[in-house]
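In: predicted model and sequence below, questions to follow.
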Amino acid sequence: SKTEVSGPRNPFDFAIPQSWQLSGANARGEMQFSISGHDGRAAGTATLAPVSLTGASAALDIITPRTRHIGGVALPVLRRTIIDRMLVEGGWVTNDTEREVDGRRVYVVTAQKGRGGVARESWTFYFTEVEGRLYSLATNAPVEHSAPLAAGSEQFLATLRAGSNGGGRLAAKPRR
C-alpha cells in the first residue's frame, strides 16, 4: 500500500522500514525520519539530504589522481566534513568504508559521541549518488539501537531510486 504524504516535491521512490516514520521535509530537499525501537519508543533519527559542500576544509585534504570519488566528490573531503561536524558535536569518527548496497556504491562514515571515551550515541553517514546527484543519509541513535538502525538504513538505501512520478508528491511506501 502506498502512503501519500503532502509536502514538498520529492524526486524519489523508496520503501521505508517498518520502524521508520517520515517526520518532516523541507524545500531544500531534506527529509527527516523518526525511528522507533521494537517497544515503540523513540530509537533514533535519520535525515536524507542532497550534499552541498561549503567551507575551506577541502583544501586540507591531499587529492591525487588515485583518490576515490563518489558523486564527483573525493572521499577524503566527505570524511573531513564528518570529522568537522563531529568535532562540533563533541564526538569522533571511528571508521570509513566503501560498500555496495543493492548494486549501488555507498561511502559510509561511522562516528560516536559520548563522555570520557565511552560512546553513548552512534552516528552513521551514508553517501550515495542518485541520478547524478550526491545524497547523504545521516542516522543517529543510542549505541544499543545502532545495529537495527544500520540494517534499516541499508534496506532504505537498497530501495532508494529516482522517482517514476516525475517528482510528484512525497510518496513513502511502508515496508512490512
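Out: Thanks, I have it. Numbering: from 1, shown residues only.
In: residues in contact with Trp20?
Out: Contact analysis of Trp20 by Cβ atoms under 8 Å, 6 or more residues apart in numbering lists Phe33, Ser34, Ile35, Ser36, Ala46, Gly152, Phe156. Glycine gets a C-beta too; all of them are placed from N, C-alpha and C.
In: residues in contact with the helix or strand harbouring the last one?
Out: Phe156 belongs to helix 146-159 when elements are defined using DSSP states H and E. Around helix 146-159, the neighbours that count as contacts under Cβ under 8 Å, 6+ apart are 13-17, 19-20, 35, 37-38, 43-44, 46, 101-102, 104, 106, 122, 124, 126, 128, 137, 139, 141, 175.
In: next: stretch 107-118.
Out: 70, 75, 78-79, 82, 86, 89-99, 119-128, 143.
In: please list the members of those residues that lie in strands.
Out: Among these, the members found in strands (DSSP state E) are 70, 91-99, 119-128.
In: out of the residues you listed, which are buried?
Out: 70, 91, 93, 96, 119, 121-128 (16 or more other Cβ atoms under 10 Å).
In: could you grab the helix/strand/coil label for the spatially most central residue of the chain?
Out: The residue lying closest to the centre of the chain (Cα atoms, centre = their mean) is Leu137, at 1.0 Å. Counting by DSSP: H, G, I helix; E, B strand; the rest coil, the backbone at Leu137 sits in strand.
In: thinking it is in contact with Thr45, fair?
Out: No: Leu137 is beyond contact range of Thr45, at 11.0 Å (criterion: Cβ atoms under 8 Å).
In: give me the distance from stretch 41-54 to the chain's centre.
Out: 5 Å (Cα atoms, centre = their mean, to the nearest Å).
In: could you list the low-pLDDT ranges of this protein?
Out: 1-11, 54-61, 163-176 (pLDDT under 70).
In: would you list every one of the helices in it?
Out: Shown for the chain, the helices assigned by DSSP state H span residues 75-89, 146-159.
In: export the first one as PDB, just CAs?
Out: Only the C-alpha atoms of helix 75-89 are listed here, as PDB (Å, rounded to 0.1, in the frame of the first residue of the first chain):
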ATOM      1  CA  LEU A  75      36.100  10.600  -0.300                       C
ATOM      2  CA  PRO A  76      38.600  12.400   1.900                       C
ATOM      3  CA  VAL A  77      36.600  15.600   1.500                       C
ATOM      4  CA  LEU A  78      33.400  13.800   2.600                       C
ATOM      5  CA  ARG A  79      35.300  12.300   5.600                       C
ATOM      6  CA  ARG A  80      36.700  15.700   6.600                       C
ATOM      7  CA  THR A  81      33.100  17.200   6.600                       C
ATOM      8  CA  ILE A  82      32.100  14.500   9.100                       C
ATOM      9  CA  ILE A  83      35.200  14.900  11.200                       C
ATOM     10  CA  ASP A  84      34.400  18.700  11.400                       C
ATOM     11  CA  ARG A  85      30.800  18.000  12.300                       C
ATOM     12  CA  MET A  86      31.700  15.500  15.000                       C
ATOM     13  CA  LEU A  87      34.200  18.000  16.500                       C
ATOM     14  CA  VAL A  88      31.300  20.500  16.800                       C
ATOM     15  CA  GLU A  89      29.100  17.700  18.300                       C
END
